[in-house]
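# Show me how the following folds:
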Amino acid sequence: MELRASALWVRLKANRLAYSLTILLTLTVGILIGTVVSYSVKGQEKKGQEAVAPLTVPSPQQLSNQFTQISKQLEPSVVNINTESTIKPSPRRRGGKQQQPDDDGSGGGSPFDDFFDRFFGGQNGQGGQGAGPIRERSLGSGVIVDAKGYIVTNRHVVEKADRIRVKLQDDPPTVLHDAKLIGMDQETDLAVIKIETTQALPVAKLGNSESMQVGDWVLAIGSPFGLSETVTAGIVSAKGRNIVPGRQFQSFIQTDAAINPGNSGGPLVNLAGEVIGINTAILTETSSYAGVGFAMPSNTVAQVYNQLVGPDHRVSRGSIGIMFNAQENPAIARVYGAGVTISNVVAGSPAEQAGLKIGDTVYSVDGKEMKSGDELVADIAGRKPGTKINLGLYRNGKKQEATVIVADRAKLFAARLGDDEDNSEDNAPKETKLGITVRAITPDMADRLDIPASKGVIVQDVKPGSFAEDVGLNRGDVILEINKQPVNTEDEFNRSQSGLKSGGDVVFLVRPRGAGRSDGTVFLAGTLP
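Numbers count the residues shown, from 1 in each chain. This is a model prediction of the structure:
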């Protein structure tokens, strides 16, 4: 065995060179095969990469430029309106043991707050006893309609503002122009303001709202949530929408173009670049866009604007003092006759003086046929107070005529509108020595509050720290008696309180705020300082 191993070793040593060459040859062949295989794989990978096309962006192209052109045309004439207001808190507490929680036990605001705020200008319960004035800032929109600086917006945008400022499109963010209130109209919620300028401003072109049809495209332009130069698109969803009961001059264009807080006062524009409405309100449960917005038609805007920029800076409308059902009912026409059937005659109105009665049906004015209440209101509202008109009417199935003198609607319905003719401070109730202002109860107030008409006076405001507040009188309370003396008018109240002397006892018989006919009354009393 050892001899065999030794012989093998001898042979290996003899052929060392041959074996070395064999090994080197084998390695060389292996390297060559590996290189070829590797090159083949890399080549396949390179071919695969070349097969994937790179992504490219096409050249800019305008697919539809109509909205773009309208936006560029109108945006310079649409402004952002900033207002500042001073709110004086109104304390609302019941003194002594008379204080009660609300019905839901939450201690929140009364369900009558909105009603009293509407009539008396309250602040929704902000602030408490001894609270100071609150500065409030808000935003809205407007549209320039005259190169001299006249701007149309909504009344609710500017009505309580101590300061109105306007930002134009090309102005730097810090530049604001002070604006002056020219006039406003409660019935249509429109207002006109003006800024001083040394150069002509870009003006929006007014269109005819009557030409708009349901389904037509429209754009809403304004400053929702303060975001100026915002444009939204939609269609005319409906026409002639009456969303506020009793407001005969608030007939809106409905649209689904997005309208949000801050859009108020901005324009609704058709595809011809014409303003066919002023965005005014939204219907929503969240205070934000819900697909239902309303704009005051441009035809109404023009009528109101022309009067507000006139010498009197107010809108004068005619009325004869009748009321009728807002919704037409064929059954009424079949029973009373075709036309406008009177459901109520205002006491002391021209209609009452002319002998018109509930149940009369007006079918013509000066020979012109009246088919609906809207036609009748539009005709009479457009006449100047003092004008005589001849009414054709049915009474008990027989035709009759009546001559009526048109009155000023603002004066005739001042109580119902919660406003007087000029909003004049001279006509406002005066604060008494008791620290309260009161107002007579109108039939409309009595009906809404479910209390007897002409019984007592309603407390409009209570001065903080006054005797009235100390004894527990609250805004909205109805004072029936003072020291056993009935007070059913402001004059009776003034006579009763004028006889009160310092150190004397004062006892009020009061129907608390929110109490109806079937609820009780309370005594509130104290010694006058």
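# Residue 288 sits in which helix or strand?
Residue 288 is part of no helix or strand, with elements assigned from DSSP states H and E.
# And it, how far from residue 306?
Noted for residue 288: a distance of 34 Å to residue 306, by Cβ to Cβ, to the nearest Å. In this view, the C-beta of every residue, glycine as well, is placed from N, C-alpha and C.
# what do you get for residue 354?
30 Å.
# more crowded one of those two?
Using other Cβ atoms under 10 Å as the criterion, residue 354 and residue 306 rank with residue 354 on top: 16 against 11.
# which SSE is the nearest residue to the more buried one once chain neighbours are set aside in?
Distances taken as Cβ to Cβ, 6 or more residues apart in numbering put residue 404 closest to residue 354, at 4.4 Å, once the chain neighbours are dropped. Using DSSP H and E, residue 404 falls within strand 398-405.
# give me every residue that touches residue 297.
Listed by Cβ atoms under 8 Å, 6 or more residues apart in numbering, the contact partners of residue 297 are 209-210, 251-253, 276-277.
# just residue 243 next, same as before
Residue 243 makes contact with 250, 252, 281, 283, 294, according to Cβ under 8 Å, 6+ apart.
# Kindly indicate which of those lies nearest residue 331.
Checking these against residue 331 by Cβ to Cβ gives residue 250 as the nearest, at 26.6 Å.
# From residue 240, how far out is that closest one?
In terms of Cβ to Cβ, residue 250 sits 11 Å off from residue 240.
# These two: which is more packed in?
residue 250 (19 against 10).
# I'd say the more buried one and residue 244 touch.
Yes - shown here, residue 250 and residue 244 form a contact pair, counting by Cβ atoms under 8 Å, at 5.2 Å.
# Low-confidence stretches in this structure?
When residues are selected by pLDDT under 70, those of the chain lie in 1-23, 26, 29-30, 33-50, 62-64, 87-136, 245-248, 326, 414-432.
# Tell me where it has helices.
Per DSSP state H, the chain carries helices over the ranges 2-14, 16-50, 66-74, 113-120, 155-158, 298-308, 330-336, 350-353, 373-381, 409-412, 414-417, 443-449, 467-471, 490-498.
# residues near residue 519, how many?
Using other Cβ under 10 Å, the number of residues around residue 519 comes to 12.
# list the contacts for it?
If you count contacts by Cβ under 8 Å, 6+ apart, residue 519 has them with 511-512.
# And residue 158, by the same measure?
Counting by Cβ under 8 Å, 6+ apart, residue 158 touches 81, 83, 140, 164, 181, 184, 191, 193.
# Pretty sure the fifth one sits against residue 166.
Right, the one you point to is residue 181. No - if you go by Cβ under 8 Å, residue 181 and residue 166 don't touch, sitting 11.9 Å apart.
# where do the contact lists of those two overlap?
residue 193.
# Next, find the distance separating residue 406 from residue 351.
10 Å.
# Who has more neighbours out of these two?
The neighbour comparison of residue 406 against residue 351 (other Cβ under 10 Å) goes to residue 351, with 26 against 22.
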